[in-house]
Each structure stands twice: as structure tokens, then as C-alpha cells.
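[1] coords please:
(chains A, B and C)
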Amino acid sequence: MSGSELTLSAEIALDDFTLTVDEHVSLNGVTAVFGPSGSGKTSLLNLVAGFLRPDRGEISFGDEIWAKTEPKAWVPPHRRPVGTVFQDAQLFPHLSVRGNLDYADKRADKTAPGHARTKIIDAMALSPLLNRTVQTLSGGERQRVAIARTLLTRPRLLLLDEPLSALDGARKAELLPFLETLKTEFALPTLYVSHDVDEVSRIADRVMMLEAGRVIATGRTDDVLSRFGLEAGRNPYEQAAFLSGVIDQEAARDGLIAVRIGEATIWPAANVDLASGARVSLKIPARDVSIALEEPTGISIQNMLSASVVAIEPTKRPAFQTVTLSVGDQTILATVTRKAVTDLALAPGRAVFALIKSATFHH
Amino acid sequence: MSLPDLTALWLTARLAFVTTLVLLVFGTPLAWWLAQTRSRFKPAIEAIIALPLVLPPTVLGFYLLIAMSPNAPFGEFWMAATGDTLSFSFTGLVIGSVIYSFPFMIQPLQSAFEGPVQQAMRTAASLRASRLDAFFSVALPMSVRGFVTATVLSFAHTLGEFGVVLMVGGNIPDRTRVASIEIYENVETLNYGDAHALSLILLIISFITLFCVFLFNKRFPAHVRL
Amino acid sequence: MATNFKTTLEKLEFDFEARSGYALNIVSGSTGKLYAQIIHGAPYDVFLAADQVRPERLVQNGAADSESRFTYAHGGLALWGPSRSEVTPDTLWEIDIARFALANPDLAPYGAASLQLLERYERVELLEPKFVYGESVGQTFAFIRTGNAELGFVAASQILALPEAHRGGYWLVPRQLHDPIAQDAVLLNRGVDNPVASAFLTYLRSDDAKEIIRESGYWNAYGDWVE
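    I've put the predicted structure just below:
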């Protein structure tokens, strides 16, 4: 498909804002869809995969129209030659590694150009894992199985939705070479969703930068990143704070370990083998902290701390501000939009609830 | 133990079996729809389905008695179509039991179909599986636990049904005189020997059924989301 | 007090309270359940049963005063078809009856009497496939009233308690065609020293009370049907 284009000219209303794009993405190499959490990256991917329908506009792949509102056209997700690798791998739990690969193999369009099964399995180094159940795999291994499974469907376009974000530092380093192999050996046009400058600068040829549902920049990776003062190793979205707490094995539940922070308890997604009473340090990325004025109910976020606003400071990115919150005698940071600061009337001294989407153990 | 007791027990088993089968056929698509819909009618429909959990069975039985009467449109239609009243018939009992046990089928299935299964349906679509294909190759195997729970609860709940049957059954041997009614009658007529025997059998069957579910759930833990 | 006697007792209560100045406290339920409650110490003074068995048993168990037991009413049986203009014994020979309701003969004296009457007319074999049994004569009444059964045996008192326009066709079964549905009253141990209890039982034997009972659809020792 080289030389051809992916046309993204669509509008869709999301919970917080309207995602509006009007881009022609070259189907050559890797294009990073880059931006902070909640900027609409995953929704954009869902439009391409067919999991979301645009309210208005058109999604086309070369001269194939996948979705269009005037006149109406629609290709359902399973008919699009798109391979999606999800953030958390999404392996089928009732099938073994081999079963997961067979699932894709059986349904692949064998008339489409593709690569041999053995080549794919070798490239992702899966031979020793084939008979394992997916529950026994590490995070990195799961992503390798997910990538291989997607390649077996013989996609003409690859969508990678933050494939590294569920992994810790060491696992990330392990998987990165496989992503580079994917790029060099299989050479598929790819949309790569990420909020990590390191990843993007290593893998992407081009960057499409998203903020609050709008594309604010596109171009060659180096150009875009340097234009915004973004360099590898200095990630504006990776601002983080550290909370220290005490392991409480009694409050552990559903396989999650519990950490007591003063009166409150949070359940980090990662797991460590420590006894009750052990002191630990948790890394809380600022982009994963949201702020609510009242204690929310009916929400999937489990980790809530009552906090009070200490300071509000600008970031490098005009639309965002960093809010410093005190939690007991400790502090955490939250990256929120300038609009949210105004709408919630946040000011120093204000009592709020900090909703923490992720916390990892800091060693 | 006398013979009529076994007749009632056999009838009860048949009623529970047919009811569960009907519930599986109608409940599965409805539970599926509920698990993925964003319709604004969803809370209302969920509330209606849950009603039998809180209403006394006599309320349901009373309304059914009125609806099944040949004086009412539905009962009249049935009478014209089959030449028999719907009340006091096995079919009438099945209808009553299906309504009465509805939440016991729908709720476990709905929660089995929600969340991870819906995400897995997307994953399957990204692997070229049509919705029907994905339902059978992914959603069903991932929901086995929910199906076992729903089926067994519906079956066991129908075994123990009393109020609705009392209202619309008419106590006809081999047709609507189920075990719970027979036990009630034995107690009322001070026939404690037969009441004991039948109660004990029902208790043992119910225990074994539920025991099997808990054993199954222990051996096949719910698939964790990966 | 048994449920089928409820509306009649309300009339009696009104009359008794007006005459004596005493106030009654009425608890109604099925005879079997009330019996079980009395055995387990329920605080009742007088028991008006729908049969003779339960009061007799209470006397045997020493829970009631044997001297006080008497039959306060004989239940009147009626063949009822509310959708018909007229019901006679001949109605039992109609062949297109879909459902025939009667009280469970094992549980209710009215049911036993109904079966007895059908046996006398040799209609049991032909009607039996159409039988539906109510747990009590009250439920049997509901089956017919809601139209689920078009014909059946109920208590005469139930029909007479309806407004005339809703009664439809009914046949009051002559008392000599079945064993009496004798309903006994008994003074319970707790009521022995209660003057209201004794006064009420005395009133229940009076001609005024008998008249009210008879008008409500029960037989008594003296009278015939009054309509």
C-alpha cells in the first residue's frame, strides 16, 4: 500500500470534548499518535478499527471507504484489514498461546499477502511459549503473543495502542527490540499510540500530536518533538510524585496488594511479595491523577485520596497545568487541563479528592 | 413412600427442566442485549426483570390468574388456539415459572457477558471474527461459569416454587400438583410421614444441585481479565 | 375464626357490640393454621372453626372447655356459574364445561361435601378430568370469579356476600344431599375467665344471631333457606 494514504476526516463527540481530525496519513512506516492521556488518541484508533462510528465525515484506506456519513458507507471491524494490538494484550483467557495464534490464523484472509507462521513465531520468539496458558505469561510475553496473533491475520494496517504502557521499565526495555523487529521485518504501515517521548523517538517516522481532541502538529518525528521542546528522557507527561506507605496484607483483595497511606488505602496495579508492615514507595504519574470536588461513586477508579490543593502551576504545554496536592503530610502532582482548573474553581486550600489511575512500586 | 409422591416429584423435575430450557433460549439474547446496550430503557427493563425477586409470588400468581382467564384477551386467545385454559395447565405453570425465575437466569448471564467479554468481542473482531462467530468462539467459552450458575439457580428456584403454582395450578395430579404443593397438602392434612419423606428428597436434590455449582466454581475459577 | 365466615362474623360483631357494649378483637385465617397457632399458645379466647375436627382435638388436648363446644352453623354449599343466567342440577350434565372448580376434599369440608354430591349424581367420572382444586373454598371462589373455571362448588355465603348483579346463576344445594358441613365453636382455656368470651358464645346461640347466620348463607338447626 506504499504511497497510498489513510484519510481521517471525521468528527465524533466524546465524553469531554469533540474529536475532530482532518488528516491524510501516509501509509509508509510508523506514525505515532502522540499526546497526553485523555487527548483522544485511543478514540482515533477506534475510529480506524471500526469500534467507533464517526458522527460526521469519512475514514478511508487508500480508495476503500471504511466509514462515511454522506452518503452512508460502513465496513464492520472484522472486514477491515486492520490489526489492533491493545494496551493490555487482550489474549483470550480460555485459549492457550497456541490457541490464541490459531484463532487468528484460521480467520485470516489467505489471499492477502502475509508472512509465514513460522517466521512470525520466530520473530516474536514464541516457540518455547506455545503450550503455555496465557495466565502464566509475563506482561512482555503477552504483548509478543498479541503482536504475533495480529500479524497472523495478515493486516494491511497495524494499530498499536500503547503496547508498552502496561509494562514496568525492565519489561519495556525487553519488548522495545521486538517492536523494532516488527518495523524492520514486517514493514507494515502502523499507527502507534503513545504518550512516551522515548518510545516515539525510537520507533516513529512521523508524529501526529493530539491535544483535547484536536491535531496540533504533524510532521517528521524529530521536527515535531524539537518544536515542542520534547527530548527523549524528558517527558512532560511523565511528571510524577512519590508516596510512601505501608503494606497491609489484610486489606489485599482480588490479587491486588494494599498499601496504607495514612488513613486511606490504595491498591497498586503491580504486585510485590512483601509482608504486612513493610514500607514502600509508590510512583504516581501526574497524568494519572484526576481531581474531583466530591467523592465520586460508581466509578472504576479504586484509588481515591482526600487531598487539598497546595499550588497550581503552568506546564510547558499551554492547555495544561500542574496541581500540587497535599495528602496528609505528603504531596502528589496532578496534570489537568487549564479548563478543568477554571471549571472546578481550583485554588490553594481547596479540599478535593485525588483519583489515582495507576500507581507502581518504585524500587 | 406412596406412589403419588413420586408423581409430584417427577412433575416438578419436568417443570424445572422445561422452565430452565425456555429461560436459556429467551434469556441468553436478552442478557446479551442488556450487557452491551446503552439504551436509556435499560434501567427500566432491569427493574422489571428483578421484580420477581421482591414481589410476593402470590402477587404474580394473582395477576397470572387474571391474565390467563378465558375472560382476558390472552387467555381467550389461548383458549381459541388450543381448546384448553392456560391456567391449570402444565404450559401455564411453565409460563408462571419462567416469569418467576427470570432474574435468576438473566442476572448471572448479564454479569458474565459484561466488561471483559465485551472487550474480548472487539478483540475477536480485530482478528476477523464476525459477531456471531465471536459470540460462539469467545463470549460463550468465557461465560461458562455464568451459564452454569444461571442454569442451576433457575432450575433450583423452580424446584422450590410454591406461591405461583398454588395460585394458577389448581392442584391437578400429574399435571400441576408439584412437590411443594403436595408437601403443603400433606402438612395441612396432618400427614406428616409423607411430608417428611418428600421434603427430605427435595432438600437433598436442592443441596446436591447447589453443591455441584459451588464445586464447579471452585475448580473453574472465573477467567481473570488479562 | 375461619375465613369463609368472615363477612358473617362482621355483621354479628356489629350486632353484639351494639347490644352488649363489649368490643371484640377478630383474627381470621384458615382453620388449620389457627389450630396450629392455638396449640402453640396463641392468645385467643374463642375459636370458631370451619369444621368439627379441630375443636374436638383441642378439647382432647385439654386446650379448650369441652362443655362449651357447639355447632354454630352448617355451611351451605352452592353450585355457581357466574357467566350463566341460571344454574340448576341439570347444569352438571352439560358436556362443554372446560374447567370445574371445587375445594380440595382432603383439605376443606366444603370440598368433601362437593365430591359427595357429585358422587351421588354419578358425575365424578365424567367431570374429574376437568377438576381444578382450590386450596380452600376461598381460592376456589377466586378461580371461578376470575373466569379461570366456569363452574364449581363454593360456599353459599360467598355468593350471597356479592352484590346481586355479580352473582350470576347459582343453585343452593339442599342440605340433605350431603353430610353437614358442621362448623363448631369452642371456648379456649384462656377465655374461661373472660366474661366477654362467654357472653359472645351465649349470643351466638341466640335467635337474633341465628337469623343473621341463616341470612348469610348457612343452615342452622331450626331454619330453612332464607333469601
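[2] only C-alpha atoms for contact and neighbour calcs from this point on.
    Noted.
[3] that's a helix at A:Leu282, yeah?
    No. Secondary structure of A:Leu282 (DSSP: H, G, I helix; E, B strand; the rest coil): strand, not part of a helix.
[4] could you report the pLDDT at it?
    The pLDDT attached to A:Leu282 in the predicted structure is 81.
[5] residues near the closest residue to it other than its chain neighbours, how many?
    If the residues on either side of it in the chain are set aside, A:Leu282 comes closest to A:Phe361, at 4.7 Å by C-alpha to C-alpha, 6 or more residues apart in numbering or on different chains. Here the count is done by other C-alpha atoms under 10 Å in any protein chain shown, and A:Phe361 has 18 residues near it.
[6] wait, A:Phe361 sits on A:Arg279?
    No. The pair A:Phe361 and A:Arg279 does not pass the contact test of C-alpha atoms under 8 Å, sitting 10.9 Å apart.
[7] which elements pack onto the helix of greatest length in chain C?
    Of all segments of type helix in chain C, defined using DSSP state H, the longest is helix C:6-20. Taking 3 or more C-alpha pairs under 8 Å, 6 or more residues apart in numbering or on different chains; DSSP states H and E as the contact definition, the neighbouring helices and strands of helix C:6-20 are helix C:207-215.
[8] then the helix it packs on to CSV, C-alphas only?
    In CSV, the C-alpha atoms belonging to helix C:207-215 read as follows (Å, rounded to 0.1, in the frame of the first residue of the first chain):
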residue,chain,number,x,y,z
ASP,C,207,-82.2,-16.4,67.8
ASP,C,208,-81.0,-13.0,66.7
ALA,C,209,-77.6,-14.4,65.9
LYS,C,210,-79.1,-17.5,64.2
GLU,C,211,-81.1,-15.2,62.0
ILE,C,212,-78.1,-13.3,60.9
ILE,C,213,-76.2,-16.5,60.2
ARG,C,214,-79.0,-18.0,58.2
GLU,C,215,-79.4,-14.9,56.1
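[9] just checking, next helix/strand downstream of the helix or strand hosting A:Leu176?
    In this assignment (DSSP states H and E), A:Leu176 forms part of helix A:169-181. Tracing the chain past helix A:169-181, the next element assigned as helix or strand by DSSP H and E is strand A:190-194.
[10] residues making contact with that next one?
    Residues outside strand A:190-194 that contact it (C-alpha atoms under 8 Å, 6 or more residues apart in numbering or on different chains) are A:27-35, A:41-42, A:45, A:157-162, A:200, A:204.
[11] just the buried ones from those residues, in PyMOL syntax?
    This is the PyMOL syntax for the buried subset of the contacts of strand A:190-194, where burial follows 16 or more other C-alpha atoms under 10 Å in any protein chain shown:
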select buried, chain A and resi 27+28+29+30+31+32+33+34+35+41+42+45+157+158+159+160+161+162+200+204
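[12] now, which of the contacts of strand A:190-194 lie close to chain B?
    Cross-checking the contacts of strand A:190-194 against chain B (C-alpha under 8 Å from any C-alpha of the partner chain) gives no overlapping residues.
[13] among the contacts of strand A:190-194, which are in helices?
    A:Lys41, A:Thr42, A:Leu45, A:Val200.
[14] now the lengthiest helix in chain B: mean pLDDT?
    If you go by DSSP H, chain B has its longest helix at helix B:3-36. The predicted model assigns helix B:3-36 a mean pLDDT of 88.
[15] now stretch C:86-101
    86.
[16] chain B: helices as residue ranges?
    Taking DSSP H as the test, the helices found in chain B are B:3-36, B:42-54, B:57-68, B:73-82, B:90-113, B:116-126, B:131-134, B:140-142, B:144-159, B:163-169, B:179-188, B:192-219.
[17] dump those helices into JSON lines; add mean neighbour count and distance to A:Thr150 as well.
    Listed next are the helices of chain B as JSON lines, based on neighbours: other C-alpha atoms under 10 Å in any protein chain shown; distance: least, C-alpha to C-alpha, whole Å:
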{"stretch": "helix B:3-36", "mean neighbour count": "19", "distance to A:Thr150": "25"}
{"stretch": "helix B:42-54", "mean neighbour count": "14", "distance to A:Thr150": "35"}
{"stretch": "helix B:57-68", "mean neighbour count": "20", "distance to A:Thr150": "52"}
{"stretch": "helix B:73-82", "mean neighbour count": "15", "distance to A:Thr150": "54"}
{"stretch": "helix B:90-113", "mean neighbour count": "23", "distance to A:Thr150": "24"}
{"stretch": "helix B:116-126", "mean neighbour count": "22", "distance to A:Thr150": "8"}
{"stretch": "helix B:131-134", "mean neighbour count": "16", "distance to A:Thr150": "16"}
{"stretch": "helix B:140-142", "mean neighbour count": "19", "distance to A:Thr150": "20"}
{"stretch": "helix B:144-159", "mean neighbour count": "22", "distance to A:Thr150": "26"}
{"stretch": "helix B:163-169", "mean neighbour count": "25", "distance to A:Thr150": "53"}
{"stretch": "helix B:179-188", "mean neighbour count": "21", "distance to A:Thr150": "56"}
{"stretch": "helix B:192-219", "mean neighbour count": "14", "distance to A:Thr150": "32"}
